[in-house]
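Asker: Please work out how this folds:
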Amino acid sequence: MTFETFKTLILILLVGLSLLLTISLWSYQPDHDRHNTGLKYVNEVELGGDVASKRSLIKPNAIIFHMNTDYYGFKHPNDMNDLYTLMQDWTMSDPVLEEDESFPSHDHMVEVIFPENMPMEVVKNIFTLDDPEESLPTWSFQRLLFIFDTNDSTVKAHFLSVDGREQAIFSVNESNASEKLQAYVNKRTGLAKYLLFEQAPSRIFLPEDQVDIRQRTLAVERIEPSLLVDALFPNPALVSPNVGEAFFTDGQRGMNIQQDGNGIEYINPIQSNYEHMGVINLLDESIQDINEHKGWTEKYHLDSIIPSMNQIRYRMHYDSYPIFHQGDLSIIEQQWRNQDLYLYRRPLFRLTNSFGGSNIKLPSGREVIYYLENNSSYNIESVRDIRIGFYLTYADDEYYSVNLEPAWFMDYNGSWQIIRIAETDFNEGGS
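Answerer: Predicted structure coming up:
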């Protein structure tokens, strides 16, 4: 073989390899993009909901005005949310740390109560700091006090540590902050008298008088389970339905369709040993994961965090009231293991058109307190919180509509349950 022939063969071989590589590149269509560790993929699937943030999800359960020795709260939670949104935009600066085991006492202050203990670091995400790089204490808070004086324009924001031993005090640098709070004190527009449930282990405030709230009937729209298959499984092409399409699996992960098609439970059974995630990390991972498939199909607020289980829960709200359901169909729940999604539960419906409803008068807070204090079935020390909300039930057998029934609810030993009060539960002392 001559040298020229050899060169010709090499050239033909190289051209052939080039053509094969070109064809391979043209025909290669990656199904999924890698995310983070490479063990999880992001599928471009949307459930039609919103994109949320810590600022939009972490909302207070109550805002209470302390006026001398009296307490006032909002008649409707929409007005409470409006004030809280204003508070989030007030610029805070110059934090001072103090050790003080006494609860602050002042003639005029506003108590903001959150549903869960939050690390101080989250203040950077839900409020406006003059210096976002400000070093904050490592302890957690659940209550924030805005203390103001009707004779001047100063407002101080006091974050109280959960153990009650420390405070982080910020100056509120907003020209109209004091004016806004004083307007509520002077006019009391949208406010009602509240009571402090003194026998409860934590500070729980309830409206003194009966509460009018509208019962609702709403149409629902189903979310197709196949969308969650595409969103949650790394390779949906490997997923097959079993048991009449009530269970989906790729051989490792599984997704159950629950409660007559109204909810799902996804489980990724990875190793049982795992490290506890910090609250901020858990919030970040959870919010990002649900944002990726736009899973906030209703208004959801943070409901609870259990760091020991890496568990986080968000509760559905309607008209700013929390929604409760016996089977937790108003809850989005996630658990994480070593930065991977281990468990995901959520409803498979969204609320749509309202068919109207009628006004219902709920018992007063005074009646609720009397009922709990005089009912041997309850231990007051186990009552962690009490709220007004909606109880979700289905209005028809085909699950095309739901009823939202106003009721009182209490967090009893970490589990929410409805408080059913009949007129026969009271005597003259309970009115």
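Asker: Direction included, what does the one helix or strand residue 332 maps to pair against?
Answerer: Taking DSSP states H and E as the criterion, residue 332 maps to strand 331-337. Counting by DSSP bridges, the strands paired with strand 331-337 are strand 311-318 (antiparallel), strand 340-347 (antiparallel).
Asker: Now tell me which helix or strand of the protein has the poorest mean pLDDT.
Answerer: Among the helical and strand segments of the chain, the one scoring lowest on mean pLDDT, DSSP states H and E is strand 33-35, with a mean of 37.
Asker: Show me which positions of stretch 303-312 end up buried.
Answerer: Neighbour counts over stretch 303-312 (16 or more other CB atoms under 10 Å) mark 303, 304, 305, 310, 311, 312 as buried. C-beta here means a position set from N, CA and C on the backbone, and glycine is covered the same way.
Asker: how far does that stretch stretch from start to finish?
Answerer: Using CA to CA, to the nearest Å, the span of stretch 303-312 from its first residue to its last is 8 Å.
Asker: same check, this time on stretch 46-60
Answerer: Stretch 46-60 end-to-end distance (CA to CA) = 28 Å.
Asker: Identify the residues contacting that stretch?
Answerer: Contacts to stretch 46-60, defined as CB atoms under 8 Å, 6 or more residues apart in numbering, come from residues 80-81, 84, 88, 112-115, 118, 122, 125-126, 223, 227-228, 231, 283, 287, 290-291, 293-298, 300-302, 314, 350.
Asker: Got phi/psi on the closest residue to residue 77 other than its chain neighbours?
Answerer: Nearest residue to residue 77, sequence neighbours excluded (CB to CB, 6 or more residues apart in numbering): residue 320, at 3.7 Å. Note on residue 320: its backbone torsions stand at phi 70, psi 0 [degrees, to the nearest 10].
Asker: Could you measure from residue 320 over to residue 406?
Answerer: 13 Å (CB to CB, to the nearest Å).
Asker: Of these two, give the one with the bigger neighbour count.
Answerer: residue 406 (20 against 16; other CB atoms under 10 Å).
Asker: Just to be sure, that one is in a helix?
Answerer: No. Applying DSSP: H, G, I helix; E, B strand; the rest coil, one finds residue 406 to be strand, outside a helix.
Asker: Return the distance of it relative to residue 54.
Answerer: To residue 54, residue 406 is 29 Å away according to CB to CB.
Asker: same deal with residue 182?
Answerer: 30 Å.
Asker: can you check residue 401 too?
Answerer: The gap separating residue 401 from residue 54 is 33 Å, by CB to CB.
Asker: now swap in residue 311 and tell me
Answerer: 17 Å.
Asker: mind listing the strands for the stretch 301-431 of the chain?
Answerer: In the stretch 301-431 of the chain, the segments counted as strands under DSSP state E, counting those that start in this stretch are 311-318, 321-324, 331-337, 340-347, 349-354, 359-362, 383-394, 401-412, 415-419.
Asker: tilt between the third one and strand 415-419?
Answerer: So the one you mean is strand 331-337. 170 degrees (axes from the mean of the first three to the mean of the last three CA atoms, to 10 degrees).
Asker: and strand 331-337, what's its mean pLDDT?
Answerer: Averaged across strand 331-337, the pLDDT comes to 96.
Asker: circling back: next, format the buried residues of stretch 303-312 as a markdown table and append distance to residue 177.
Answerer: Formatted as a markdown table, those follow (distance: CB to CB, whole Å):
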| residue | distance to residue 177 |
| --- | --- |
| 303 | 29 |
| 304 | 30 |
| 305 | 29 |
| 310 | 37 |
| 311 | 36 |
| 312 | 32 |
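Asker: Farthest-apart pair in those residues, please.
Answerer: Maximum pairwise distance among those (CB to CB): 15.5 Å, between 303 and 310.
Asker: what's the spacing between stretch 86-105 and its chain's center?
Answerer: Relative to its chain's centre, stretch 86-105 lies at 24 Å (CA atoms, centre = their mean, to the nearest Å).
Asker: if I pick residue 146, what's in contact with it?
Answerer: Neighbours of residue 146 in contact, by CB under 8 Å, 6+ apart: 87, 109, 110, 112, 155, 156, 157, 158, 172, 177, 181.
Asker: so what's it bridging to?
Answerer: On the basis of DSSP bridges, residue 146 is bridged to residue 110, residue 157.
Asker: Got the confidence number for it?
Answerer: 97.
Asker: Next one: it from residue 55, what distance?
Answerer: In terms of CB to CB, residue 146 sits 18 Å off from residue 55.
Asker: now swap in residue 170 and tell me
Answerer: Residue 170 is 17 Å from residue 55, by CB to CB.
Asker: Looking at those two, which is more packed in?
Answerer: The neighbour count for residue 170 versus residue 55, taken as other CB under 10 Å, is higher for residue 170 (24 against 14).
Asker: Can you classify residue 284 by secondary structure?
Answerer: Of the three states, residue 284 takes helix under three-state DSSP.
Asker: Ok, residue 260 next?
Answerer: Here residue 260 is coil, with the state taken from three-state DSSP.
Asker: which secondary structure element contains residue 84?
Answerer: Per DSSP H and E: helix 77-89 holds residue 84.
Asker: So residue 156 is in contact with residue 149, correct?
Answerer: No. Residue 156 lies out of contact with residue 149 (CB atoms under 8 Å); the separation is 9.5 Å.
Asker: higher neighbour count, those two?
Answerer: residue 156 (19 against 15).
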